[in-house]
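# need coordinates for the below:
(chains A, B and C)
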Amino acid sequence: MTFTRRFVMAASAAAIGLASFGATAFAWEPVKPVDFVIMAGAGGGADQIARFIQSTAEKNKLTSRPLVPNNKGGGSGAEALIHLNKTNDPDHTILVTLNSFFTTPLRQENLGIDVMTFTPVAMMGVDPFVLWVHKDTGITSFEQWLDAVKAKDGEWVMGGTGTGQEDSLVTTFLKQTFGLKMKYIPYKGGGDVAKDLAGQQINSSVNNPSEAKGFYASGDVVPLVAFSDERLPAFPDVPTIKEKGYDFSYYNQRAVVGAPGQSAEAAAYYQELFETIYNTPEWQGYMESESLAPLWMNPDEQKAYWQLQIDRHKELLAKMDQ
Amino acid sequence: MEILGLLGSGLLEAIEPLNLALIFIGVTVGLWIGAMPGLGSVNGVAILLPITFLVPPGSAIIFLAAIYYGAMYGGAISSITLGIPGASTAVATTFDGRPLALQGRASLALVTAALASFVGGTVSVLLFTGFAPALASVALSFGPPEIFALMLLAFATFVGLGGDDIPKTILSICLGLVLAAVGYDEVSGAPRLILFDISGFLHGINFLVLAIGVYGIGEMLWTIDSTRGSITMSEAKLTVKGMVSDAKEATRRGWKGTTIGSLLGFFVGVLPAAGATPGSLMAYGVTKMVSRNPREFGQGHPGGVAAPEAANNSASTGSMLPMITLGIPGSPTTAILLGGMVIWGLTPGPRLFVDESEFVWGLIGSFYVSNFAALVINLAFIPLFIWMLRMPFTILAPMIFVLSVVGGYAAVRDMHDIWLMVVFGISAFFLRKFDYPLAPAVLAIVLGPIAEPTLRQSLLLSSGDPMIFLNRPVAGPITVIAVILILLPLFKVIRNKMRGQKMAA
Amino acid sequence: MRRGEIITAGILALLSIYMMWKSTELEVGYIRGQGPGGGAWPFWLSAIMLICTAMIAYNWVRRTSPPSQSEEPVLDAEGRRMLIQVGGGIVGFVALINIISMYGAMAVFLFYYLWFLGRHSLKLSLTLSLVSPVAFFFFFEGLMRITMPSGMSFTQPVFNLLYSIIY
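Numbers count the residues shown, from 1 in each chain, chains lettered A, B, ... in the order given. You can find the predicted model right below:
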């Protein structure tokens, strides 16, 4: 009888196994390709991350229908937000965001977009900002940089991605806190800024580490100060602005959100999907090599974070207009 | 010598059986993607990324190069046979390719395009091999004022492309430049020129929306109307002998354009902000300028096909240079490629050339082999394309319309743009009736988004002083040449007028 | 043609004025120390367009440009019919996309053009208008991973079936 008993046990174990497998199978699954909207044009940092996520999902065969990248960067992301707001299929529409998710609706109120109606999915990480100069300037510390900018009396040239963009908020902070005068040249993307810094067309820039690290590796550009809460593991010798005694930090969010009106089942599916992607060795490796900081949050925490960011950006934008 | 060794091993890797098979598949797929109006090498490379997990990275790169080259060749096919430039790089190819096809000489145009592309690809690989690191620093020294001066030069080279009616030509250029400004002002960060407050204009007007509207719908309507629908582009049956004589004619009349295109295309392609499109336009303009019979251009001169095709192929290798040596994407295609490198675990940037030299030279080697494969496959497909042109026009026309709408949607993914395309198409039909040249508008909408921001960035740099375009060592001479070239036709007009008056007196 | 020439110039002039007016939402002048404002580029280029239309009108008065000399109609009866049938067909095609999906609209348009305008045989027209959408579907959705509009919700079951085939 032992045989039978063992057999029954094995069978029931198998049954439990099957049942638990059935439980992990999803209550909802996409039935058509998922519109994977990117809040930036092809080739930028956000685009690169989106395509990395897509290929990670593809490589590990995580989705039954493909994520189809769809670049909608127009109007500083307004195009993407409008697209999500009016989609007739919110269950198959998700968006890769950056901070223009907060700033664009604030700056263009006539769009009538309330980001709090969007569906939280996953916070894949936050991208810190670093102040860079060209090595030929001879500047190696933040204090020297301050002196150099002051000495130029308004002729110092800062590059960035445009008024109201993430890096310009940091630049505004620097200008106002230290009473600096400088020119600000807007470019299409962070990559162009990094290139023109390496070519010495501009004197300094506020770039994400991922954008400037190629030129950092070759020694063309030098990081001076990081606008993060802690020192960045990739740049252990670079002090933070907090260490300098100024309570300021600023990150660009790399988050995935669902369209407004997404069903709870679909949202649960995407939340689980992106948690799986987040935990893949590919994504963890990407975060490390691109100096992204982890900031994993559950959906409720994400919503609270959004509110916090909206309030903060209102304040920062108001300062910029002064 | 070390470089040659590395390139040699790259070449050897490319002709292994698996890789060779991938090259042939890739080129064939790329050719069809490129021949589809609206789709280009960007789409080809984007679909490749997931596939790269199935084969080793080395083969993935080779596959990618094959698709890239196939698509570059394919762009010419849609310009010549359908009259629709499938990508901005192939706009200039329509100027003479289309007239040739309408004269029943599509095979000459296609053979010329294939040969010129091959030469352009070869020259660029040689230049790349010899001068990559030196050119990388040239690319870095081009800031906003230099790029703007270059755009001025591009405008100068095609100022003569319009019709005889000067106000209509200027209007067409300005229209293209204004449409290019729709959407978003990069400098102030504010929405701009959102026509009739329709939110679809927020993302601006994609070049393809205008190009497909003008060529795929407007020109087609015009052709149907002016020929009363009884047009056939039939051609004597294509024979091997015919193709050989085409090749001879292509060589004889196209060598000059090919040479100019190969060199100019490469150097302009190297500059990250410029890329292949200005290169191909300038090659066309310069070839026309130095030709002994400039009047034949635009009527179906093989040189007018050879120059832009040699240039865009040469430039596509050229645009790899900033990507590989500096980690800067020069075009959307190279941007996606860069993403691919990150996925493969490589770090793009100035160190790549040193740290991953095997990868770099493998890529260049496979470019070269793909280029050769593309030539062979392209020539083999020419009879098929000619056969398609011999279909009754009442089958060809609806197919072109369908391709325009589907291809347009694939490029922009927004119904708003498809409606806009129809509006442009029908307006273009009427403007064409009244002798408005529209090619300048299409070119202007490509160059506008490069020219305007660089102009304003430059003036911000100089605190509003326009002398910045003259007193910088590189920008200065380019600006001077451009201004002279722009004023030259004007001088001619004035001189002719004065002569005319003297005669009258 | 002669009347058409001046009407076209007039429409273009109105368009230029509209774009100039629209450009003034941003600064159109030269900001001291910064160069031109955000609206300057489109504003002044539209102004040049306006001047060009004035020149076209002047040439019209002098009758120097070919269209201003021609007394031919812009569109004769045949041309008008063509524009309504072909141009209207394209407009109908695009309008149908949001209702019966890109592929459905494509089939209808091809059939309309081939059978009704092209007067091809029913067999050929039907074959081409049914085979092409299927071929396009596999090319775009299968190979290129580009999702085309699927129209209103009643087309969903068909698409779900097709997607389960290709993925």
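# domain ranges for chain C, per the record?
Per the record, chain C has its domains at C:2-69, C:77-166, by automatic domain parsing.
# so which of those gets nearest B:Met320?
domain C:77-166 (23.2 Å; Cβ to Cβ). (Each C-beta comes from the backbone N, C-alpha and C, glycine too.)
# end-to-end on that closest one?
Domain C:77-166 has an end-to-end distance of 48 Å (Cα to Cα, to the nearest Å).
# follow-up on the earlier one: tabulate the domains of chain C (TSV), appending mean pLDDT.
Converted to TSV, those look like this (pLDDT from 0 to 100):
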stretch	mean pLDDT
domain C:2-69	90
domain C:77-166	88
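# nearest to chain A, of the ones you listed?
Nearest to chain A, of all those, is domain C:77-166, at 4.9 Å by Cβ to the nearest Cβ.
# what does the stretch 251-400 of chain B have sitting close to chain A?
With Cβ under 8 Å from any Cβ of the partner chain as the criterion, the stretch 251-400 of chain B meets chain A at residues B:272-273, B:322, B:326-329, B:332, B:335-336, B:338-339, B:342-343, B:347-352.
# show the buried residues in the residues you listed.
B:272-273, B:322, B:326-329, B:332, B:335-336, B:338-339, B:342-343, B:348-352 (16 or more other Cβ atoms under 10 Å in any protein chain shown).
# now, which of those residues lie within helices?
B:322, B:326, B:332, B:335-336, B:338-339, B:342-343, B:352 (DSSP state H).
# of those, closest to C:Ile11?
Out of these, the member with the shortest distance to C:Ile11 (by Cβ to Cβ) is B:Pro332, at 34.8 Å.
# and the helix or strand where B:Ile386 lies, what does it pack against?
Under the criterion of DSSP states H and E, B:Ile386 resides in helix B:357-389. If contacts are counted by 3 or more Cβ pairs under 8 Å, 6 or more residues apart in numbering or on different chains; DSSP states H and E, helix B:357-389 sits against helix B:2-14, helix B:17-35, helix B:57-77, helix B:106-141, helix B:320-326, helix B:352-355.
# residue ranges for the helices of chain C, please.
Using DSSP H, helices in chain C cover C:2-23, C:40-62, C:66-69, C:77-82, C:88-111, C:122-137, C:156-166.
# then the stretch 101-250 of chain A?
Counting by DSSP state H, counting those that start in this stretch, one finds helices in the stretch 101-250 of chain A at the ranges A:142-152, A:166-178, A:190-198, A:209-217.
# most tightly surrounded among those?
Across these, the average number of neighbours (mean count of other Cβ atoms under 10 Å in any protein chain shown) peaks for helix A:190-198, which reaches a mean of 27.
# wait, doesn't A:Lys32 sit right on C:Asn160?
Yes. Under the criterion of Cβ atoms under 8 Å, A:Lys32 makes contact with C:Asn160 at 6.7 Å.
# my guess is A:Glu282 contacts A:Ala57, does it?
No. Using Cβ under 8 Å as the test, A:Glu282 is too far from A:Ala57 to be in contact (9.8 Å).
# neighbour count winner among those two?
The neighbour count for A:Glu282 versus A:Ala57, taken as other Cβ atoms under 10 Å in any protein chain shown, is higher for A:Ala57 (22 against 18).
# could you find the closest non-adjacent residue to that one?
Spatial nearest neighbour of A:Ala57, chain neighbours left out: A:Thr63 (5.4 Å); criterion: Cβ to Cβ, 6 or more residues apart in numbering or on different chains.
# same question, A:Met320
A:Met320's closest residue in space is A:Thr172 (Cβ to Cβ, 6+ apart), at 4.6 Å.
# determine how far stretch A:276-294 lies from the middle of the whole chain.
In terms of Cα atoms, centre = their mean, to the nearest Å, the centre of stretch A:276-294 is found 12 Å from the chain centre.
# any buried residues in that stretch, and which?
With burial defined by 16+ other Cβ under 10 Å, the residues of stretch A:276-294 counted as buried are A:276-278, A:280, A:282-283, A:286-287, A:290-293.
# kindly report the same for stretch A:255-272.
Result for stretch A:255-272 [16+ other Cβ under 10 Å]: buried residues A:255-262, A:266-271.
# and if you look at stretch A:78-90?
Buried positions in stretch A:78-90, judged by neighbour count with 16+ other Cβ under 10 Å: A:78-85, A:87, A:89-90.
# just give the nearest non-adjacent residue to C:Gly118, would you?
In space, C:Gly118 is closest to B:Thr394, 3.1 Å off (Cβ to Cβ, 6+ apart).
# mind checking which of the buried residues of stretch A:276-294 land in helices?
If you go by DSSP H, those have A:276-278, A:282-283, A:286-287 in helices.
# ok, the residue of the stretch 251-400 of chain B found nearest chain A - contacts?
Across the stretch 251-400 of chain B, the shortest distance to chain A (Cβ to the nearest Cβ) belongs to B:Gly349, at 2.1 Å. Taking Cβ atoms under 8 Å, 6 or more residues apart in numbering or on different chains as the criterion, B:Gly349 is in contact with A:213-215, A:217-218, B:326-327.
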